Each structure stands twice: as C-alpha cells, then as structure tokens.
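> Fold the following.
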Amino acid sequence: MDYESVIGLEVHLQLSTESKIFCSSSTTFGADPNTHIDPVTFGLPGALPVPNVKVIEFAIMMGLALNCDIRKLNRFARKHYFYPDLPKGYQISQFDEPICEHGSIRIQTGDSTRTVGITRIHMEEDAGKSIHDPKTASSLVDLNRAGVPLLEIVSEPDIRSASEASAYLKALRQIARYLGISDGNMEEGSLRCDANVSLRPKGELKFGTRTELKNINSFKFVERAIEYEVARQLSLLKNGEEVVQETRLFDSTTGATKSMRSKEESAEYRYFPDPDLPPLVIEESWIHALRAKMPKLPEEHFNELVDTFELSEYDAGVLTAEKSFIDFFMAVVEVCRNPKGAANWITSELFALLHKEGLEIERIQVTPEQLGRLISLIDEDILSGRMAKEVFEVMFTSGRDPEEIIEERGLKQLTDDTTILELIRTAFDENPEQLKQYLAGEQKLHGFFVGQVMKASGGAANPKKVNEILRAEATRRENESS
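Residues are numbered from 1 along each chain as shown. Predicted coordinates:
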C-alpha cells in the first residue's frame with residue numbers, strides 16, 4: 001500500500017516590538033537573566049495586562065499579507081498549563097476567536113508551485129526559559145522572554161513533504177521580514193516551528209493518527225525531523241503496528257525523534273476568555289489604513305522583475321530573497337537605468353564580496369548610488385568590465401566614489417578610434433605571419449590580434465571598438481591585396 005504524508009505546521013513568530021505584549025518591559029535579546037521583568041510578567045496580584053497596539057497592527061498586517069479574513073471582534077483567552085517558566089500558571093493567547101482566519105500562501109519547491117491554506121493567526125505571549133544544569137542536577141528560570149509578543153500561524157494540513165514544509169517556513173519568514181514585523185531569526189528563537197505529521201493511504205480522505213514535533217529551530221532540522229518521522233510512521237504501518245498520538249522531540253545530534261509526552265487536546269488547557277482583557281474590536285478604517293502603508297511583498301516584486309525589468313526567474317528569486325536585496329537593487333536601477341546590469345553586478349560581484357567578507361548588505365560601505373554610477377560608466381564606454389571590477393573592489397573596502405578612484409588610478413577606457421587603429425596596425429606589422437594566415441581565413445587569429453591590442457593598451461582599449469576596427473582594417477587590407 002502506498003502512503004502519502006499529511007503535514008501541518010504551527011509557526012511561532014516573535015514580533016519586533018520594543019516592549020512586551022501586555023507590559024512595558026523590554027524585548028531586547030541577550031540581556032542578563034531576569035532583567036526584563038515587572039509585576040505583569042510575574043502575574044502579581046493587581047498587575048493588569050494592557051495590550052500593545054503595535055502587536056495588534058503587526059497581526060493585522062501579517063493577516064493581510066496571507067490573504068486572511070480579519071475578525072472585527074476577537075478575544076484573548078487564558079491557556080492553562082503549569083511549567084516553572086510560566087509564572088502566572090496560564091498563558092494569554094487566543095482560542096476560538098483569533099484575529100485572522102482562512103488565509104493562504106503560495107510556495108515553490110523546484111518547478112512546482114502550490115497553495116497552502118492558513119487556518120488561523122492568533123496573538124499570544126511567550127513563556128520564559130528553563131535552563132537545566134546536569135552538573136548540579138538543578139534548573140534555573142529566566143523570565144526575560146515571558147510576555148514577549150508572538151504570532152502563532154497555523155497551516156491547514158496541505159503540506160505533503162519535508163521540502164514543502166521548509167519552503168512554507170521560508171516563505172513565512174520572508175513575508176514577515178518584508179513587512180518589518182519580525183527578524184525571523186531562528187537561532188535566537190524569533191521563529192520556531194511545531195510540525196504535525198501523519199500518513200494515510202493515497203486516495204484516502206480520512207487523516208491518519210498524527211504526532212507533533214516540538215520546537216524545531218532551523219530550516220534544515222525541519223526537513224530532517226519530518227523525513228525521520230515519516231519514515232518511522234511508515235515502518236510502523238507497514239509492520240501492522242499503530243501510530244500513537246503523542247508529542248515528540250527532535251534530536252539534532254542523532255537525527256531521530258523521541259517520545260516526549262502524550263498529545264494534549266484543547267480541553268486540557270481549560271481555555272476561557274481572559275477577564276482582565278476586554279474583547280478587541282477592529283474597525284474597518286484601521287484595516288484600510290494598515291493595508292495602505294504595507295510595502296510590496298516578495299511575489300509582487302518577483303513579478304515586476306520578470307515582467308517589467310525582463311530579468312530571469314532565477315535572478316528575480318535571488319533579488320527578492322531578502323527585502324534588503326530588492327531595496328538595494330531598486331536604488332541602483334534608479335541611478336543607472338540598467339536592470340540587467342544592476343542584477344548582474346549585485347548577484348555576482350557584490351554577493352561574492354559579501355560572502356568573502358561575511359557581511360550583510362546593510363553593513364557595506366558602498367552605496368546603491370555609487371554602484372549605479374559605476375554601471376553607468378561601463379554603459380557609457382568610459383570603463384571596461386575588467387576595470388570596473390578593480391574599481392568596485394576599492395569602492396567596497398573604502399566607500400569612495402568610482403569617479404575619484406578612476407581619476408586616481410588612470411583607469412579611463414581608451415575609446416579614440418585613431419589611437420586604436422594605430423595599435424591594430426602595429427600589431428599587424430609586428431606579426432606578419434599571423435596576419436597572412438588571418439587574411440587567408442584563419443578566423444581564430446582574430447582573438448590573437450584583439451589580445452595583442454589589449455596588451456599594448458594596458459587593457460584600456462574598448463573591446464567592442466577594438467573588434468569593430470580590427471575587422472574593418474583586416475577587410476581593407478584583404479581588398480588591397482586582391
């Protein structure tokens with residue numbers, strides 16, 4: 001019997017607000033333990049939560065980007081469970097009335113494009129962090145993360161492979177970064193993923209028994225964890241055994257999943273509306289105002305690069321991978337008016353230097369305007385491509401203007417027809433045997449003479465002009481000899 005994977009993801013996205021979701025404590029990562037805390041974080045008697053308006057706006061923006069319906073009336077609820085890093089004994093979340101519902105997102109794996117449904121997006125607070133010390137057999141609790149704002153984005157069970165799950169996760173991260181609502185940094189816990197995995201016979205509509213894989217913290221581990229779990233469940237089913245509904249942890253060292261606990265149902269959390277937080281009413285005018293200020297999203301930029309700027313789908317994909325890339329590209333094109341030239345320089349020379357130096361594009365010294373002017377100098381035949389690479393390396397390390405570097409190093413391209421013709425005639429005169437063969441039809445010697453001229457000019461001669469004038473001079477001499 002053939003089986004297919006049925007996968008749904010629950011993604012926790014930390015929002016880039018300065019303060020927590022219900023209090024004014026900082027959300028800055030990396031502070032000393034228990035320094036970003038207050039009475040609301042501790043859940044002390046009389047300390048009342050107040051919703052952070054920016055969190056609500058970010059949730060609406062993410063919902064709009066994922067084609068969701070925005071609920072005009074939604075509520076916060078208490079989700080009860082008892083961990084040492086949850087000081088109140090409950091987490092403020094949303095349950096049956098989330099802020100966003102019924103959305104979708106398009107993902108691409110290889111040449112295949114699919115749409116994955118979004119069940120819901122809801123706001124909630126993060127828990128603290130438990131740190132276990134095996135040497136002392138003790139545990140410590142850091143509550144800096146407690147109350148940090150999260151969006152939980154729950155997909156429909158529309159994902160069919162580990163690679164699709166990774167593509168879905170990357171697409172969510174990309175949109176969040178474009179919107180500026182999260183840095184999506186998995187290493188710092190800004191993006192975390194739980195995966196619900198089950199198998200069913202192909203053609204069957206009924207879902208199989210699912211397991212939940214908890215808190216996977218990298219794209220690579222998402223794929224590895226799902227691949228292992230699919231293989232484990234397949235082995236059980238083919239041996240006539242049953243899959244047990246449970247929560248499992250992924251061990252990145254062994255590449256295996258292991259049982260953590262039986263899977264909880266929603267009733268076990270004893271959800272009920274939070275009495276300290278009134279229902280949240282979203283006015284239509286608020287939604288319109290947020291929609292109006294949203295930036296272009298990756299898919300819109302991608303289509304523009306392919307349809308309007310006539311770039312390849314590969315280049316468009318590379319340039320839209322990060323908002324900082326497309327912003328830099330658009331600023332370069334604004335100066336040079338050469339989209340293909342800008343794409344080539346950014347995806348080859350610039351990205352090569354970024355990789356070599358281990359830098360992010362936001363931290364480089366060269367500006368989009370400077371790169372745009374450099375490309376214009378090439379298009380105007382003032383610089384050759386080889387010269388431009390030399391100039392660009394200096395620009396990258398110094399932040400200096402291209403014109404200044406060209407003047408200092410005497411790198412202007414030789415474009416004078418008379419001077420180039422003199423160099424060609426000299427090359428002919430110094431290589432009579434090769435000239436005789438060339439005029440007799442040995443076209444491979446054309447490159448030889450181009451090389452001689454470029455060498456004599458110190459690489460300064462315009463290659464296009466050299467080729468044109470060399471052919472004209474060869475034709476003239478051939479006509480004279482006949």
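> quick one, strands of the stretch 51-200 of the chain?
Secondary structure of the stretch 51-200 of the chain by DSSP state E, counting those that start in this stretch: the strands cover 69-70, 73-74, 77-80, 90-93, 100-109, 112-125, 129-133, 138-142, 149-155, 191-201.
> Highest average neighbour count across these: which stretch is it?
When neighbours are counted by mean count of other C-beta atoms under 10 Å, the highest per-stretch mean among the strands of the stretch 51-200 of the chain falls to strand 149-155, a mean of 24. For every residue, glycine as well, the C-beta is placed using N, CA and C.
> re earlier: and of the strands of the stretch 51-200 of the chain, who's closest to R476?
Proximity to R476 (C-beta to C-beta) singles out strand 100-109 among these, at 55.4 Å.
> Show me what that closest one packs onto, helices and strands only.
helix 53-65, strand 69-70, strand 112-125, helix 162-179 (3 or more C-beta pairs under 8 Å, 6 or more residues apart in numbering; DSSP states H and E).
> Swap in 6 Å and give it another go.
Here strand 100-109 touches strand 69-70, strand 112-125, helix 162-179, going by 3 or more C-beta pairs under 6 Å, 6 or more residues apart in numbering; DSSP states H and E.
> Those into JSON lines, with extra columns for mean pLDDT?
Listed next are the helices and strands packed on strand 100-109 as JSON lines, based on pLDDT from 0 to 100:
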{"stretch": "strand 69-70", "mean pLDDT": "98"}
{"stretch": "strand 112-125", "mean pLDDT": "96"}
{"stretch": "helix 162-179", "mean pLDDT": "96"}
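> Would you format the ones you listed as a markdown table with distance to G255 included?
Output for the helices and strands packed on strand 100-109, formatted as a markdown table (distance: least, C-beta to C-beta, whole Å):
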| stretch | distance to G255 |
| --- | --- |
| strand 69-70 | 39 |
| strand 112-125 | 25 |
| helix 162-179 | 12 |
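> Between these, which one is closest to K455.
If you check each of these against K455 by C-beta to C-beta, helix 162-179 wins as the nearest, at 47.6 Å.
> CA atoms only for that closest one, dumped as CSV, please.
Extracted in CSV, the C-alpha atoms of helix 162-179 (Å, rounded to 0.1, in the frame of the first residue of the first chain):
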residue,chain,number,x,y,z
ALA,A,162,9.6,17.8,4.2
SER,A,163,10.9,20.1,1.4
GLU,A,164,7.4,21.7,1.1
ALA,A,165,7.4,22.3,4.8
SER,A,166,10.8,24.0,4.6
ALA,A,167,9.6,26.1,1.6
TYR,A,168,6.5,27.1,3.6
LEU,A,169,8.5,28.2,6.6
LYS,A,170,11.0,30.2,4.5
ALA,A,171,8.1,31.9,2.7
LEU,A,172,6.5,33.0,6.0
ARG,A,173,9.9,34.3,7.3
GLN,A,174,10.4,36.2,4.0
ILE,A,175,7.0,37.9,4.2
ALA,A,176,7.5,38.8,7.9
ARG,A,177,10.9,40.4,7.1
TYR,A,178,9.4,42.3,4.2
LEU,A,179,6.7,43.7,6.5
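> List of residues touching stretch 147-165?
Outside of stretch 147-165, the residues within contact range by C-beta atoms under 6 Å, 6 or more residues apart in numbering are 5-15, 17, 20-21, 27, 41, 55, 59, 62, 109, 116-117, 119-122, 124-126, 222-223, 226-227.
> Now list the buried members of those residues.
Buried members of the contacts of stretch 147-165, scored by 16 or more other C-beta atoms under 10 Å, are 5-15, 17, 20-21, 27, 41, 55, 59, 62, 116-117, 119-122, 124-126, 222-223, 226-227.
> Out of the helices and strands packed on strand 100-109, the one nearest L213 is which?
Among the helices and strands packed on strand 100-109, helix 162-179 comes nearest to L213, with 10.2 Å by C-beta to C-beta.
> Check which residues of the closest one are buried.
Neighbour-count burial for helix 162-179, counted by 16+ other C-beta under 10 Å, picks out 162-179.
> Low-confidence regions, this protein specifically.
Residues of the chain meeting the criterion pLDDT under 70: 263-266, 482.
> Hmm, G189 and D183 touching each other?
No: applying C-beta atoms under 6 Å, one finds D183 not in contact with G189, separated by 10.8 Å.
> returning to what we had before: adding distance to D274, write the strands of the stretch 51-200 of the chain out as CSV.
Converted to CSV, those look like this (distance: least, C-beta to C-beta, whole Å):
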stretch, distance to D274
strand 69-70, 20
strand 73-74, 12
strand 77-80, 5
strand 90-93, 6
strand 100-109, 19
strand 112-125, 11
strand 129-133, 23
strand 138-142, 23
strand 149-155, 15
strand 191-201, 23
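> I406: which of those strands is closest?
Nearest to I406, of all the strands of the stretch 51-200 of the chain, is strand 100-109, at 41.8 Å by C-beta to C-beta.
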